[in-house]
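> quick one: sequence plus predicted model below, questions after.
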Amino acid sequence: MSRRSNAPYSDSISNDGITIEYQGHDEPKTSYEMNPKQHDQPQQTRNGTLTQNGKFIEAVEKFKNKTSKSEVVKVYEKILSGVWSLKGLFDLIDYKVKNDGKRQVFVFILKLSNEQNLITNEHIDLAHTRLIPSEVKKEVWKRDGGKCVLCGSIKNLHFDHDLPFSRGGTSLITKNIRLLCAKCNLSKSDKIE
């Protein structure tokens, strides 16, 4: 998701960071002259298979009909030009169709999932959240120069809690967050350095 002023979609997040309205996907561009922003967002491809919009709608309907759990979606956000970060795991719970003045678009409603551990799906208390606010990520990225503070790598960077989250470290202040590459982050585990 991108919330910058010139973003191609109108995504939004609630002030508390719990709910996201995520705009669906446009029809793929099929020719140089074709403008996807002038066509309704599709639920199916031309050959009848479901688009990503269609798959999301199908998942919401199954959830609403209680035939399956909510679909868990990884949400990434653009925090700076060319810099994307995992916002967290969100449950896909609803959708609506709205007219943006030119066409029909899908808007998917996602709610922060209680399951935030990507490996074990361990439940966490949202009052003490692992999620790092966008503004903290921006400040840390700038402060750490877009590279691992331990080895200087610029590949596969993670936002790391200096005092581990599992030991009470906060996500809300830049002082406790730093950039580490995957290798340095995994070697650290939850040890306090």
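That came through, no problem.
> please count neighbours and contacts with C-alpha atoms only from this point.
Noted.
> residue at max distance from the center of the chain?
No residue in the chain sits farther from the centre than residue 33, which is 31.4 Å out by Cα atoms, centre = their mean.
> show me what the spatially most central residue of the chain is bridged to.
With distances taken as Cα atoms, centre = their mean, residue 75 lies nearest the centre of the chain, 1.7 Å away. For residue 75, the beta-bridge partners under DSSP bridges are residue 88.
> what's near enough to touch it?
1, 86-90 (Cα atoms under 8 Å, 6 or more residues apart in numbering).
> so how do I select the buried members of these in ChimeraX?
To isolate the buried members of the contacts of residue 75 in ChimeraX, using 16 or more other Cα atoms under 10 Å:
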select :1,87,88,89,90
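> specify which member of the contacts of residue 75 is nearest to residue 157.
Proximity of the contacts of residue 75 to residue 157 was ranked by Cα to Cα; the top entry is residue 86 with 11.0 Å.
> OK, contacts around the closest one?
74-77.
> of those, grab the buried ones for PyMOL.
The following PyMOL line selects those of the contacts of residue 86 that are buried, judged by 16+ other Cα under 10 Å:
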select buried, resi 75
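> which residue ranges of the chain form helices?
52-64, 134-143, 182-188 (DSSP state H).
> where in the chain is pLDDT low?
Along the chain, the parts satisfying pLDDT under 70 run over 1-9, 31, 116-130, 165-169, 189-193.
> how about the strands in it?
Per DSSP state E, the chain carries strands over the ranges 12-13, 19-23, 71-80, 83-99, 104-112, 157-161, 177-181.
> now the contacts of residue 86 in CSV, with distance to residue 37?
Conversion of these to CSV gives the following (distance: Cα to Cα, whole Å):
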residue, distance to residue 37
74, 25
75, 23
76, 22
77, 21
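> among the helices of the chain, which is nearest residue 101?
Nearest to residue 101 among the helices of the chain is helix 52-64; the distance by Cα to Cα comes to 19.6 Å.
> circling back to that earlier point, distance to residue 136 added to the contacts of residue 75, as JSON lines?
Formatted as JSON lines, those follow (distance: Cα to Cα, whole Å):
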{"residue": "1", "distance to residue 136": "17"}
{"residue": "86", "distance to residue 136": "13"}
{"residue": "87", "distance to residue 136": "12"}
{"residue": "88", "distance to residue 136": "15"}
{"residue": "89", "distance to residue 136": "18"}
{"residue": "90", "distance to residue 136": "20"}
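> go through the contacts of residue 75 and name the one nearest residue 141.
The closest of the contacts of residue 75, once distances to residue 141 are taken by Cα to Cα, is residue 86, at 13.7 Å.
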